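[1] Fold the following for me, if possible:
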Amino acid sequence: MTDHSEYEHRRERLLPALRQARAEAFLTSALPNVRFLSGFTGSNAALLVTSDRALLFTDPRYQTQASRESGAEVKIVKGPLLPGIAGWMKRLRLNTLAFEQNRISFEEYQQLKSMAGIRIKPMSGAVEDIRMVKSAAEIATIRASVRLNSAALEQALEHFTPAMTEVDFAAEIEYRMRLLGADGTSFQTIVASGERSALPHAHPTDHPIQTDQLLLVDMGANVAGYASDMTRTHAVGKLAPKVRRMYRAVLESQLAAIDAVKPGIACTIVDRAARRILRAHGLDKLFIHSTGHGLGLEIHERPRIGRKERTMLEPGMVITVEPGVYEEGLGGIRIEDTVVVTAGGCEVLTPTGKELVVL
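    As a prediction, this is how the structure comes out:
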């Protein structure tokens, strides 16, 4: 029997934001938020939360699954969900509804606005704020995801040969994830070699991985709905002394940023620690993205580890730390770990080593 008490607790934590918005009910159709508040994992759903009820709307395909996964009242709707939700709002005699302005389409907004007798109130980030601090069970699941992710890379590297294409190696990585039990990837695996490694979000191509070049791999597994994220940059053969110096600088930067992670520290301080090291090496202008981000049910969650992010770190937050440098025509280097904030500092969950590996 599924224990639904954790989901009930999460919905209770949402009620202060509902009262602050002066709304009688809250509606989410963002699937990660539906899952977080109800436990339902299907691909079509919405959740209506009031002070004393939670109604989960989905379609007939999920009737059995929804009843098994969620302790909310399951309402099966044939056709679009919003008309069914509107009908139930009338039954409940609700007059005010808070909705997630950053999570719905303009068409959905218009449909909500047209509901007779309903005053809609925009609310942004209420569930995401709660999701920032993970429970012990969530951290355990993320830890399992991280370990599986690292094991997949280790196994894939055993099958690596120069002249494989980027697509071939990405497929090998994802195959190993699946064999180890992952639900899938948490984002499209990045494999970029040579000059293409200077593209921070490069898509794998049929470009052969050649010797005496960089090979950047950014990968994440999804385990029981929770993401992991890791980047490692390898040497395929020999690298120029300049490139090896760049690697050492990025590693020093990443270690400095991790050392800055502790409760009560603003995210901007972690970002600053990474940039300070790269500036000392004359590489700060080649660092063109933020130092990291939160992760959990989604690969990118709050908080952002960036220049202007004033959010204070708290125990239970899970973030990535991933400084990188990218020089067009030469290549890019990024090193990324998944890290959990603890009462006394932080714990690096990623077990994969960070010294430069020559393939």
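[2] Next secondary structure element downstream of the strand or helix carrying E107?
    Under the criterion of DSSP states H and E, E107 resides in helix 106-113. Using DSSP H and E, the next helix or strand after helix 106-113 towards the C-terminus is strand 119-123.
[3] what's the angle between the helix holding E107 and strand 119-123?
    Per axes from the mean of the first three to the mean of the last three C-alpha atoms, to 10 degrees, the angle that helix 106-113 makes with strand 119-123 is 140 degrees.
[4] what does the domain assignment say about this structure?
    5-131, 136-348 (automatic domain parsing).
[5] Point out where the stretch 201-350 of the chain drops to low pLDDT.
    For the stretch 201-350 of the chain, no stretch has pLDDT under 70.
[6] Pick the most buried one from the domains of the chain.
    Mean neighbour count (mean count of other C-beta atoms under 10 Å) peaks for domain 136-348 among the domains of the chain, with a mean of 19. To be clear about C-beta, it is placed using only N, CA and C from the backbone, and glycine gets the same treatment.
[7] What is the helix of greatest length in the chain packed up against?
    If you go by DSSP state H, the chain has its longest helix at helix 136-158. Contacts defined by 3 or more C-beta pairs under 8 Å, 6 or more residues apart in numbering; DSSP states H and E place helix 136-158 against helix 166-179, strand 213-219, strand 221-223, strand 226-227, strand 230-236, strand 318-321, strand 337-342.
[8] try it again with 10 Å
    helix 166-179, strand 213-219, strand 221-223, strand 226-227, strand 230-236, strand 318-321, strand 337-342, strand 345-348 (3 or more C-beta pairs under 10 Å, 6 or more residues apart in numbering; DSSP states H and E).
[9] Would you agree P351 is in contact with S228?
    No - P351 is not in contact with S228 according to C-beta atoms under 10 Å; the separation is 11.2 Å.
[10] that older thread, distance to R103 for the helices and strands packed on helix 136-158 - can I get that in TSV?
    Converted to TSV, the helices and strands packed on helix 136-158 look like this (distance: least, C-beta to C-beta, whole Å):
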stretch	distance to R103
helix 166-179	28
strand 213-219	26
strand 221-223	20
strand 226-227	18
strand 230-236	28
strand 318-321	21
strand 337-342	25
strand 345-348	30
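[11] wait, which of the ones you listed is closest to A192?
    strand 213-219 (4.8 Å; C-beta to C-beta).
[12] Within its sheet, name the partner strands of the closest one and how each one runs.
    strand 190-193 (antiparallel), strand 230-236 (antiparallel) (DSSP bridges).
[13] Can I get those strands in TSV including distance to E336?
    Output for the strands paired with strand 213-219, formatted as TSV (distance: least, C-beta to C-beta, whole Å):
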stretch	distance to E336
strand 190-193	11
strand 230-236	4
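[14] what's the distance between S135 and I120?
    Distance of S135 to I120, given as C-beta to C-beta, to the nearest Å: 31 Å.
[15] quick one on the thing from earlier: V77 is nearest to which of the strands paired with strand 213-219?
    V77 lies closest, by C-beta to C-beta, to one member of the strands paired with strand 213-219: strand 190-193, at 38.5 Å.
[16] Spell out for me which residue occupies the centre of this protein.
    Closest residue to the average C-alpha location of the chain: I299 at 1.6 Å, with C-alpha atoms, centre = their mean.
[17] in what helix or strand does that residue lie?
    Here I299 is assigned to no helix or strand, by DSSP H and E.
[18] chain center to the longest helix of the chain: distance?
    14 Å (C-alpha atoms, centre = their mean, to the nearest Å).
[19] coming back round to it: enumerate every residue touching the residue nearest to the centre of the chain.
    For I299, the contact set (C-beta atoms under 10 Å, 6 or more residues apart in numbering) comprises 185-187, 220, 222, 227-229, 293, 320.
[20] measure it to D218 for me?
    Using C-beta to C-beta, we find I299 at a distance of 11 Å from D218.
[21] Equivalent analysis for V358, please.
    On the measure of C-beta to C-beta, V358 and D218 end up 19 Å apart.
[22] just checking, E128 touches L37?
    No - E128 is beyond contact range of L37, at 11.7 Å (criterion: C-beta under 10 Å).
[23] Report pLDDT for the closest residue to M219 other than its chain neighbours.
    Ranked by C-beta to C-beta, 6 or more residues apart in numbering and with sequence neighbours excluded, the top spatial neighbour of M219 is T189, at 4.9 Å. Looking at T189, its pLDDT stands at 98.
[24] isn't T189 right up against M177?
    Yes - if you go by C-beta under 10 Å, T189 and M177 touch, sitting 8.7 Å apart.
[25] hey, what's in contact with both of the two?
    In contact with both T189 and M177: 152, 156, 219-221, using C-beta under 10 Å, 6+ apart.
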